[in-house]
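>>> Okay, predicted coordinates and the sequence, questions at the end:
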Amino acid sequence: MSIEVKNVTKIYGKQKALDDVSFKIDPGHIVGFLGPNGAGKSTMMKIITCFIPQSAGNVSVCGYDVIESPIDVKRQVGYLPEHNPLYVDMYVKEYLDFIGGVYKIENRKARVKEMIDMVGLEIEQNKKIGALSKGYRQRVGLAQAMIHDPKVLILDEPTTGLDPNQLEEIRGLIKDIGQEKTIMLSTHIMQEVEAICDQTIIINKGKIVADDKTADLQQESKSHLVLKVEFDKTTTIEALKKIEGVNRVKQAQENTWVFEIEKDNVRNNIFQFAVQHEMVVLTMQKESQSLENVFKKLTT
């Protein structure tokens, strides 16, 4: 098991940032760790990487406990924090050589060249880090996280602030790296998870609310159909809830309602309801469903 978290709680003063969190990540998986701002994502990642201790529970990485064997854990983990801490006055090659020295890597020159080639920094390798774009700084961050050849990569919001081209490049890089390493990444971009993650864990208010294969969560989202219907007259939510096949209904605008339904044939029931109440259906639109809908449903 690459990462195993058992009943972890983290308390800051009177605030419970993590509340009895448990999950497992198998070797060779790319896992999306999702949640609203303040849900506990960064706190969990800092515990896994031994930056802060948990208040209760156990965490192990590649079989090493984060409390009992933090040095062994750090040898197995590469970490890219949300705010990429780089020495902006150092040159790219100089900085990576420095990080390699911290890890006491043998033949550092060859390893630095290997990292530069892997993350696509060849053109920028002789520049100061402060002169690089956000996308290339993220590449430097990934290179420093991988320079000691860890088995596990922890990436906290690795694509925040990137333009569409940089986004696509970094996603492709992460996907390539994920063929050899276990990657846990936090993000707010659902398309990113759908594109590259094998497993998705969703956390809300310090608790795990979903933990499944990404494909299964996507399938779950497709099993819930949503219709947006506009009538020509006002009606009540109590009356609409009585329509057969309607799971949920909420008001979008004065005469516009959003229905969560099980099957397409519920549309006939909605038309019959309108006829019975001497109303006209002005518009009826099926809304597309995605992993984003599952996220919204579980975190709002």
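Yes, it's here. Residues are numbered from 1 along each chain as shown.
>>> Could you say which helix or strand holds Met44?
Per DSSP states H and E, Met44 falls inside helix 41-48.
>>> cool, and Gln179?
Here Gln179 is covered by no helix or strand, with elements defined by DSSP H and E.
>>> quick one, helices of this protein?
41-48, 70-76, 92-102, 108-119, 134-146, 164-177, 190-196, 214-222, 237-241, 266-276, 291-299 (DSSP state H).
>>> Make a markdown table from the ones you listed and add distance to Ser60, mean pLDDT and mean neighbour count to it.
Glycine gets a C-beta too; all of them are placed from N, C-alpha and C. Compiled in a markdown table, the helices of the chain are given as follows (distance: least, CB to CB, whole Å; pLDDT from 0 to 100; neighbours: other CB atoms under 10 Å):
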| stretch | distance to Ser60 | mean pLDDT | mean neighbour count |
| --- | --- | --- | --- |
| helix 41-48 | 9 | 94 | 23 |
| helix 70-76 | 8 | 94 | 17 |
| helix 92-102 | 24 | 95 | 18 |
| helix 108-119 | 27 | 92 | 17 |
| helix 134-146 | 20 | 91 | 22 |
| helix 164-177 | 22 | 84 | 16 |
| helix 190-196 | 25 | 85 | 18 |
| helix 214-222 | 24 | 74 | 16 |
| helix 237-241 | 48 | 91 | 12 |
| helix 266-276 | 48 | 90 | 16 |
| helix 291-299 | 27 | 77 | 17 |
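>>> What average pLDDT does stretch 19-39 get?
For stretch 19-39, mean pLDDT is 92.
>>> still on that earlier bit, with distance to Pro158 as extra columns, can I get the helices of the chain in a markdown table?
Converted to a markdown table, these look like this (distance: least, CB to CB, whole Å):
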| stretch | distance to Pro158 |
| --- | --- |
| helix 41-48 | 12 |
| helix 70-76 | 19 |
| helix 92-102 | 17 |
| helix 108-119 | 12 |
| helix 134-146 | 6 |
| helix 164-177 | 6 |
| helix 190-196 | 9 |
| helix 214-222 | 17 |
| helix 237-241 | 42 |
| helix 266-276 | 41 |
| helix 291-299 | 18 |
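>>> closest one to Lys127 among the ones you listed?
Nearest of these to Lys127, taken as CB to CB: helix 92-102 at 6.2 Å.
>>> Which other helices and strands does the closest one contact?
With contacts taken as 3 or more CB pairs under 8 Å, 6 or more residues apart in numbering; DSSP states H and E, helix 92-102 sits against helix 108-119, helix 134-146.
>>> Now those in CSV, please, with extra columns for distance to Val266.
Formatted as CSV, these follow (distance: least, CB to CB, whole Å):
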stretch, distance to Val266
helix 108-119, 50
helix 134-146, 46
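>>> so which of those gets nearest Ala195?
Nearest to Ala195, of those and by CB to CB, is helix 134-146 at 16.9 Å.
>>> can you list contacts of that closest one?
Outside helix 134-146, the residues that touch it by CB atoms under 8 Å, 6 or more residues apart in numbering are 78-80, 84, 86, 92, 95-96, 99, 115-116, 118-121, 124, 129, 132, 153, 155, 158-159, 161-163, 165-166, 169-170, 173-174, 177, 181.
>>> redo that, cut-off 6 Å
78-80, 84, 92, 96, 99, 115, 119, 121, 124, 161-162, 166, 170 (CB atoms under 6 Å, 6 or more residues apart in numbering).
>>> What is the neighbour count of the spatially closest residue to Val21 that is not a sequence neighbour?
Among residues not flanking Val21 along the chain, Val8 sits closest, at 4.6 Å (CB to CB, 6 or more residues apart in numbering). Applying other CB atoms under 10 Å, we find 24 residues neighbouring Val8.
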